[in-house]
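J.: Got a predicted structure here, sequence first:
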Amino acid sequence: MKRSQIVELIDSSLAEEFELDRDELKPEASFIEDLELDSLDYVDMVVALEQAFGFKLKNKEDLKQIRTVGDLHEYILKKYEEFKQGEPE
Amino acid sequence: MQVQRVVITGMGVVSAYGRGLDPFWSGLRQGKSGIEYSPELKDVPGLGSCISGRVPELPEKEIPRRYRRSMSGMSLFAAFAALEAVRMAGLEEEYLAGGRVGVSMSSTVNSPYVLEDVFRKYLVHGTGVEQIRSTNFFKIMNHSCAANVAQYLGISGRVISPGAACATGGQAIALGAEAIAAGKQDVMLCGGADEVHPLTVGTFDMMDAASVRNWDDPGRASRPFDSDRDGVVCSEGGGVLLLESLPSALKRGVPILGEIAGWSMNCAKDLVSPDPRTMRECILSALQSAGATPGDVDYINAHATSTIQGDADEAAVLARIFENRVPVSSLKGHLGHTMAASGALETAAVVKMMSDGVLVGTRNLENIDPDCAGINLIQEDCTKDVHAVLKNNFAFGGINTALFIRRFTA
């Protein structure tokens, strides 16, 4: 997947899971202050993204550092690269 | 010791007739049936019944996602009913959050649809718990309806969840009334809600208590006290009564719709079969708790779910106490058995009967079963000045409840 496709899949997953308008999903948007998500939503965000991408996002310490939509984009992009490198040729 | 009188200042309904008390009452008055053919039941192996009463689609997005994410279908029913009751009673946000308002509400079982989804992922898809949303837990915890209603409305008083199968609504009202009578809360939102799932219908079917004749006209299947009845028709819905202490209602100057003047709860000697001795004791105890006698009762809203044994036993108990003096009807001919919702839904109908001076007869009661004779069964709606009503609920698990509801007089 290209970067733009990954970002699109993240945003569409978030929009569906949390009933958000796509306009709200700006990279600088804070999950807590701007999008009004809470700790329970963070837990379900992981499940939604794991289902969308088909790989695990187990490191909860990493996830706790994610504050904005842009943070999440970068985190998933990194995880996607790691996942690809781990895949058998 | 009863300290405060307990009155009704709000009511809310979600039923097969739709959302709201108005469609509920007009559906009953028009003699409409809420029962329809349910194709999803037809293909379930071993299930003999394929009819039920379903709630039409609700505008669920009226409830913000933050609250809705933890609600199953039954919690949505409860939430919409509770909101209607709160609005009717004119309670503002600040009052709800002040610690003097509580919730007494439950269901027969946890949401079977959510449980099915969880166990499909866990067992069938083999994904264990990996794909299960955390919010699912809040949809299937035992106090899901009560807790979700409390969160949604910002209620900060006591929240209790008295699950008692088909007597849940009656028991929730009785326990809410006790909290108010004892001065522990000024207001209690009381009731119950349930969804219809093949498992619900199957539970009755397994015990030969479900209607399996599958009439061409599903609206004729639920026939309390009728000689052609063959069992329960399951329905879904939510019913909520807003109970309030009399001083609180008078202070707020809101219309008083009725009074929960007496109540009783006890346990039968059998998990499944009706127990006439304890049913009778429960009814007499409810009257006694209000300082009333059988002669004070103007109308009886029976539990009568259209089962062979249950209707006959209830009729026999009523005949022994009231002979054939008091009009008796069951609303399950219209709506089927709304299970945990039935106690509050039917009490709401009783309050409307008292205010409008009309009794709703039993739909589909065409030929009174000789086993149900000896009481004054009303087959048609009729006008009557009603001052006091007995409302029964009897449930699997041996739970009996009886409420004595009076028109309010100062």
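T.: In hand now; what should we look at?
J.: use CA for all of it now, contacts and neighbours both
T.: Will do.
J.: Show me the helices in chain A, by range?
T.: When secondary structure is read from DSSP state H, chain A shows helices at A:3-18, A:39-53, A:60-64, A:69-86.
J.: so which of those comes closest to residue A:26?
T.: Nearest of those to residue A:26, taken as Cα to Cα: helix A:69-86 at 6.6 Å.
J.: tell me the mean pLDDT for the closest one?
T.: In this model, helix A:69-86 carries a mean pLDDT of 91.
J.: same thing with stretch B:162-181?
T.: Stretch B:162-181 shows a mean pLDDT of 96.
J.: now do stretch A:43-60
T.: Averaged across stretch A:43-60, the pLDDT comes to 88.
J.: Convert the C-alpha atoms of stretch B:213-228 to PDB, please.
T.: Listed in PDB are the C-alpha atoms of stretch B:213-228, where the atom choice follows Å, rounded to 0.1, in the frame of the first residue of the first chain:
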ATOM      1  CA  ARG B 213     -49.600 -22.900  16.100                       C
ATOM      2  CA  ASN B 214     -48.300 -20.100  13.900                       C
ATOM      3  CA  TRP B 215     -51.600 -18.800  12.800                       C
ATOM      4  CA  ASP B 216     -52.000 -17.400   9.300                       C
ATOM      5  CA  ASP B 217     -52.800 -14.100  11.100                       C
ATOM      6  CA  PRO B 218     -50.000 -13.800  13.700                       C
ATOM      7  CA  GLY B 219     -52.100 -11.200  15.500                       C
ATOM      8  CA  ARG B 220     -54.500 -13.900  16.600                       C
ATOM      9  CA  ALA B 221     -51.800 -16.100  18.300                       C
ATOM     10  CA  SER B 222     -51.500 -14.600  21.700                       C
ATOM     11  CA  ARG B 223     -54.900 -15.400  23.400                       C
ATOM     12  CA  PRO B 224     -54.900 -15.000  27.100                       C
ATOM     13  CA  PHE B 225     -57.700 -17.000  28.800                       C
ATOM     14  CA  ASP B 226     -59.000 -18.200  25.500                       C
ATOM     15  CA  SER B 227     -59.800 -21.900  24.900                       C
ATOM     16  CA  ASP B 228     -57.600 -21.900  21.800                       C
END
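J.: Quick check: buried residues in it?
T.: Taking 16 or more other Cα atoms under 10 Å in any protein chain shown as the basis for neighbour counts, the residues of stretch B:213-228 that come out buried are B:213-214, B:218-228.
J.: what do you get for stretch A:14-31?
T.: Within stretch A:14-31, the residues scored as buried using 16+ other Cα under 10 Å are A:14, A:15, A:17, A:18, A:25, A:29, A:30, A:31.
J.: May I have the phi/psi pair for residue B:284?
T.: Main-chain torsions, residue B:284, degrees, to the nearest 10: phi -60, psi -40.
J.: wait, what's in contact with it?
T.: Counting by Cα atoms under 8 Å, 6 or more residues apart in numbering or on different chains, residue B:284 touches B:293, B:294.
J.: measure residue B:343 to chain A for me?
T.: Between residue B:343 and chain A the distance is 34 Å, computed by Cα to the nearest Cα, to the nearest Å.
J.: Excluding chain neighbours, what is closest to that residue?
T.: residue B:169 (4.1 Å; Cα to Cα, 6 or more residues apart in numbering or on different chains).
J.: In three-state terms, how would the one you found be classified?
T.: Reducing the assignment at residue B:169 to three states with DSSP: H, G, I helix; E, B strand; the rest coil gives helix.
J.: and the helix or strand that contains residue B:105, what does it pack onto?
T.: In the assignment (DSSP states H and E), residue B:105 maps to strand B:101-106. In this structure, strand B:101-106 packs against helix B:144-153, strand B:159-160, helix B:168-181, strand B:187-194, with contacts taken as 3 or more Cα pairs under 8 Å, 6 or more residues apart in numbering or on different chains; DSSP states H and E.
J.: what packs against the third one?
T.: With contacts defined as 3+ Cα pairs under 8 Å, 6+ apart, the packing partners of helix B:168-181 are strand B:6-15, strand B:101-106, strand B:187-194, strand B:237-245, strand B:258-267, helix B:342-356, strand B:399-406.
J.: will you turn those into JSON lines that also has mean neighbour count?
T.: Shown next, in JSON lines, are the helices and strands packed on helix B:168-181 (neighbours: other Cα atoms under 10 Å in any protein chain shown):
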{"stretch": "strand B:6-15", "mean neighbour count": "30"}
{"stretch": "strand B:101-106", "mean neighbour count": "32"}
{"stretch": "strand B:187-194", "mean neighbour count": "36"}
{"stretch": "strand B:237-245", "mean neighbour count": "33"}
{"stretch": "strand B:258-267", "mean neighbour count": "23"}
{"stretch": "helix B:342-356", "mean neighbour count": "24"}
{"stretch": "strand B:399-406", "mean neighbour count": "28"}
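J.: could these be laid out in JSON lines, adding mean pLDDT?
T.: Listed next are these as JSON lines, based on pLDDT from 0 to 100:
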{"stretch": "strand B:6-15", "mean pLDDT": "98"}
{"stretch": "strand B:101-106", "mean pLDDT": "98"}
{"stretch": "strand B:187-194", "mean pLDDT": "98"}
{"stretch": "strand B:237-245", "mean pLDDT": "98"}
{"stretch": "strand B:258-267", "mean pLDDT": "98"}
{"stretch": "helix B:342-356", "mean pLDDT": "98"}
{"stretch": "strand B:399-406", "mean pLDDT": "97"}
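J.: Turn the ones you listed into CSV, columns for distance to residue A:76.
T.: Supplementary listing: these in CSV, determined by distance: least, Cα to Cα, whole Å:
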stretch, distance to residue A:76
strand B:6-15, 43
strand B:101-106, 42
strand B:187-194, 41
strand B:237-245, 43
strand B:258-267, 57
helix B:342-356, 50
strand B:399-406, 54
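J.: In PDB, could you pull the C-alpha coordinates for stretch B:31-48?
T.: Once non-C-alpha atoms are left out, stretch B:31-48 reads as follows in PDB (Å, rounded to 0.1, in the frame of the first residue of the first chain):
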ATOM      1  CA  GLY B  31     -57.200  -3.100  19.300                       C
ATOM      2  CA  LYS B  32     -54.100  -3.300  17.100                       C
ATOM      3  CA  SER B  33     -51.800  -6.300  17.300                       C
ATOM      4  CA  GLY B  34     -48.100  -5.800  17.600                       C
ATOM      5  CA  ILE B  35     -47.300  -9.400  16.500                       C
ATOM      6  CA  GLU B  36     -46.000 -10.300  13.100                       C
ATOM      7  CA  TYR B  37     -44.400 -13.100  11.200                       C
ATOM      8  CA  SER B  38     -40.600 -13.300  12.000                       C
ATOM      9  CA  PRO B  39     -38.800 -15.000   9.100                       C
ATOM     10  CA  GLU B  40     -35.500 -15.100  11.000                       C
ATOM     11  CA  LEU B  41     -37.200 -17.500  13.500                       C
ATOM     12  CA  LYS B  42     -38.400 -19.900  10.800                       C
ATOM     13  CA  ASP B  43     -35.000 -21.300   9.900                       C
ATOM     14  CA  VAL B  44     -33.800 -22.000  13.400                       C
ATOM     15  CA  PRO B  45     -33.600 -25.800  13.800                       C
ATOM     16  CA  GLY B  46     -36.000 -27.100  16.400                       C
ATOM     17  CA  LEU B  47     -37.800 -23.800  16.900                       C
ATOM     18  CA  GLY B  48     -41.500 -24.200  16.600                       C
END
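J.: quick one: the spatially closest residue to residue B:331 that is not a sequence neighbour and residue B:27, what's the gap?
T.: The shortest distance from residue B:331 to any residue that is not its chain neighbour, by Cα to Cα, 6+ apart, is 6.0 Å, and that residue is residue B:362. For residue B:362, the distance to residue B:27 (Cα to Cα, to the nearest Å) stands at 13 Å.
J.: what do you get for residue A:53?
T.: The value you get for residue A:53 to residue B:27, if Cα to Cα is used, is 49 Å.
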